[in-house]
Structure formats: structure tokens, C-alpha cells
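Trainee: Take a look and give me a structure for this.
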Amino acid sequence: MNKQKKILFFVSFALCMLFSGELLAGVGNGGKPQYPVPLDGGVSALIAAGVAYGVKKYRDYRLSKREEDSKTSE
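Mentor: Predicted coordinates:
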């Protein structure tokens, strides 16, 4: 690992440790959070964005492959 990746890993790890106490502080009544967070809308949007990005990358790959094949056949 180079130096920048080590620093990024350390900073992200430190931030996770810093905020993990606050995340667990809301759990006090039998393991149920006081303020439930709806995950459905955000997770669905992230999945849709990931699928769209994958389709775009695949189409770009196919297009570049076609152009490459047409150049070699000439």
C-alpha cells in the first residue's frame, strides 16, 4: 500500500471509530432504535444507480470493441 492509501485508510477508520458511539447511543429500548431510519428508498436508488452505471460501462466497452474490430478489418 502506498502512503496515500494508508493515510486514507487511517482517517476513515478513525472517523468510523469516532462516530460509532453516536450510532449506538440511539439504541436503548430493547435493541430498537429510537428514531428508525427508512432504508428502502435510499438503497433502491443506489441499486438502480449501480445497474445504470454498469449498463453504461458495458455499452461503452461494446462500442469500443466494435470500433477496434472495424479498424483491424480494414
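Trainee: Helices of this protein, start to end?
Mentor: 3-25, 40-73 (DSSP state H).
Trainee: Show me which residues of the last one are buried.
Mentor: Neighbour counts using 16 or more other Cβ atoms under 10 Å place no residue of helix 40-73 among the buried ones. (Each C-beta comes from the backbone N, C-alpha and C, glycine too.)
Trainee: how close does residue 60 get to residue 53?
Mentor: Separation of residue 60 from residue 53 (Cβ to Cβ, to the nearest Å): 11 Å.
Trainee: Kindly report the same for residue 68.
Mentor: With Cβ to Cβ as the criterion, residue 68 and residue 53 are 22 Å apart.
Trainee: re earlier: Serialize the helices of the chain to TSV and add fields for mean pLDDT.
Mentor: Listed next are the helices of the chain as TSV, based on pLDDT from 0 to 100:
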stretch	mean pLDDT
helix 3-25	76
helix 40-73	86
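Trainee: residues in contact with residue 56?
Mentor: Under the criterion of Cβ atoms under 8 Å, 6 or more residues apart in numbering, the contact list for residue 56 is empty.
Trainee: For residue 2, the count of nearby residues, please.
Mentor: 6 (other Cβ atoms under 10 Å).
Trainee: Quick check: it vs residue 58, distance?
Mentor: 30 Å.
Trainee: cool, and residue 6?
Mentor: Counting by Cβ to Cβ, the gap from residue 6 to residue 58 is 33 Å.
Trainee: go on, residue 66?
Mentor: On the measure of Cβ to Cβ, residue 66 and residue 58 end up 13 Å apart.
Trainee: How about residue 12?
Mentor: From residue 12 to residue 58 the distance is 30 Å (Cβ to Cβ).
Trainee: likewise residue 47?
Mentor: Relative to residue 58, and taking Cβ to Cβ, residue 47 is found at 17 Å.
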